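Enquirer: only the shape, not the letters, is given here:
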């Protein structure tokens, strides 16, 4: 097993080498859904209830966010909450692996 000299893990490599960024966020509390729209036009779907601070916030507070770190994170100043693109991508990958059957050719 070789150890890479690269300082990034696989998800960070996608973000930084491929320039993936959050371009918009949309909330649907009635559906327990937060949509994270990427500059690649991909849409990540996250349950709002997965984030305790966001789960207890009203829609107005949810929509008072800032994209930070050149679109690699989201900050809610009034809620004192920060979430990262890396975390969203990690969760998306977990969901794919857990919920999908992968068929080998």
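Expert: On my side now, so go ahead. From a predicted model like this one, the values you see are computed outputs, not experimental measurements.

Enquirer: residues of stretch 8-18 that come out buried?
Expert: Neighbour counts over stretch 8-18 (16 or more other C-beta atoms under 10 Å) mark 11, 15 as buried. Every C-beta, even on glycine, is put in place using the N, C-alpha and C of the backbone.

Enquirer: OK, contacts around the closest residue in space to residue 80 that isn't next to it in sequence?
Expert: Nearest in space to residue 80, with sequence neighbours left out and distances taken as C-beta to C-beta, 6 or more residues apart in numbering, is residue 53 at 7.5 Å. The contact partners of residue 53, taken as C-beta atoms under 8 Å, 6 or more residues apart in numbering, are 76, 79-81.

Enquirer: which of those residues tops the neighbour count?
Expert: residue 76 (19 neighbours; other C-beta atoms under 10 Å).

Enquirer: how close does it get to residue 25?
Expert: Distance, residue 76 to residue 25, by C-beta to C-beta, to the nearest Å: 10 Å.

Enquirer: so what sits against both of the two?
Expert: With C-beta under 8 Å, 6+ apart as the test, residue 76 and residue 25 both reach residue 65.

Enquirer: and the least confident helix or strand in the chain by mean pLDDT, what does it pack against?
Expert: Least confident helix or strand of the chain, by mean pLDDT, DSSP states H and E, is helix 85-99 with a mean of 90. If you count contacts as 3 or more C-beta pairs under 8 Å, 6 or more residues apart in numbering; DSSP states H and E, helix 85-99 packs onto helix 10-18, strand 33-38, strand 43-46.

Enquirer: give the next helix or strand downstream of the longest one.
Expert: This points to helix 10-18. strand 22-28 (DSSP states H and E).

Enquirer: what helix or strand is the residue nearest to residue 80 on?
Expert: helix 52-55.
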